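K.L.:
Build me a model:
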Amino acid sequence: MKLFYTSDLHGSEAHYGRLMAAARDVRPDVIILGGDMLPDDSALDPSSMGVGQPKYVSQQFRKHIQTLREQSGCRHVLVIFGNHDWSSSVKAMSELADDGLVSVLSLDKPVKIDGIFFLGYSCSPPTPWFVKDFERLDRPGDLPPLLGGARWDARFSRASPHSATVLFKNSPTIADELAALKPPGDPWVLVAHAPPHETNLDRTYGHIPWGSKSIRAAIERHQPMLSIHGHVHESPTVTGSIQDTLGKTVSVNPGQVRSKLSYAVIELDPKRGSVVGVQHGLQT
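P.N.:
A predicted model of the protein is given here:
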């Protein structure tokens, strides 16, 4: 099985054009989009927050996925969300799933393709960014960040700003949510927006690890064949590598840059339950 993976396009039309070109060349069996695929709604205009992204999913993103499938010949497109995404986009994405264009990955409903199970997790530890729908404290006992933000309030169909204490005190942590993870059977793949902590995949330009300790612990405990990540765009530039190994798990984050599309092509052997090869691609 040939996987094509990329993340963190942030609604860039130039990147979507590069994605089409790269996927045409690779001709993958499965394309996986690892979160933060949508343009940011302006935090300067409260009336626009959480409103623009669902429209983008229903219109531009839908067209991009249709074109991507047609031009690449890909049979399956799998997606998760990221920390820049509003939960107001979940319904719009589910409509694409209902039409057979994508499969939205979660922890509790594995997607099985040619004998391989895929699970997904969209949340990351707190960041300085304003959107907090897919952010959680990493572990019980962690202190909330200094900066607050906003979450989508479905009751009133609007984003509601709050302090960090209010935002995180009643939410489960990443560790809490991953405690319910049950491996669906071997071989399986975990797609998580945030990378595992203290690896080649989570280093910022200051060499500070921004990954999740809880995601790392879940990988080490459950040992999927492969875990793939995004979120920390610059990590491959800082560490010089797009992959690491945690026990028997191969973990990959191709990163992202502005002038080129960064992606990974991953070959899997479903019968042996192994990763055959990982290649880093850059599409101009």
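K.L.:
all helices for the stretch 51-200 of the chain, in order.
P.N.:
Counting by DSSP state H, counting those that start in this stretch, the stretch 51-200 of the chain has helices at residues 52-56, 62-72, 89-98, 164-169, 174-178.
K.L.:
Please put the alpha-carbon coordinates of the fourth one into PDB.
P.N.:
Output in PDB follows, covering the C-alpha atoms of helix 164-169 (Å, rounded to 0.1, in the frame of the first residue of the first chain):
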ATOM      1  CA  ALA A 164      -7.600  29.800  29.500                       C
ATOM      2  CA  THR A 165      -8.800  28.700  32.900                       C
ATOM      3  CA  VAL A 166     -12.400  28.600  31.700                       C
ATOM      4  CA  LEU A 167     -11.500  26.900  28.400                       C
ATOM      5  CA  PHE A 168      -9.500  24.100  29.800                       C
ATOM      6  CA  LYS A 169     -10.900  23.400  33.300                       C
END
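K.L.:
distance between it and the chain's centre?
P.N.:
23 Å (CA atoms, centre = their mean, to the nearest Å).
K.L.:
now do the longest one
P.N.:
Centroid displacement of helix 62-72 relative to its chain, using CA atoms, centre = their mean, is 19 Å.
K.L.:
now it and helix 89-98, what's the angle there?
P.N.:
Per axes from the mean of the first three to the mean of the last three CA atoms, to 10 degrees, the angle that helix 62-72 makes with helix 89-98 is 40 degrees.
K.L.:
which helices and strands sit right next to helix 62-72?
P.N.:
Packing partners of helix 62-72 (3 or more CB pairs under 8 Å, 6 or more residues apart in numbering; DSSP states H and E): helix 13-26, strand 76-80. No exception for glycine: its C-beta is placed from N, CA and C like everyone else's.
K.L.:
What angle do helix 13-26 and it make with each other?
P.N.:
With the same axes, to 10 degrees applied, the angle from helix 62-72 to helix 13-26 works out at 20 degrees.
K.L.:
Helix 62-72 relative to strand 76-80, how many degrees between them?
P.N.:
Computed by the same axes, to 10 degrees, the angle separating helix 62-72 from strand 76-80 equals 140 degrees.
K.L.:
Sounds good, over and out.
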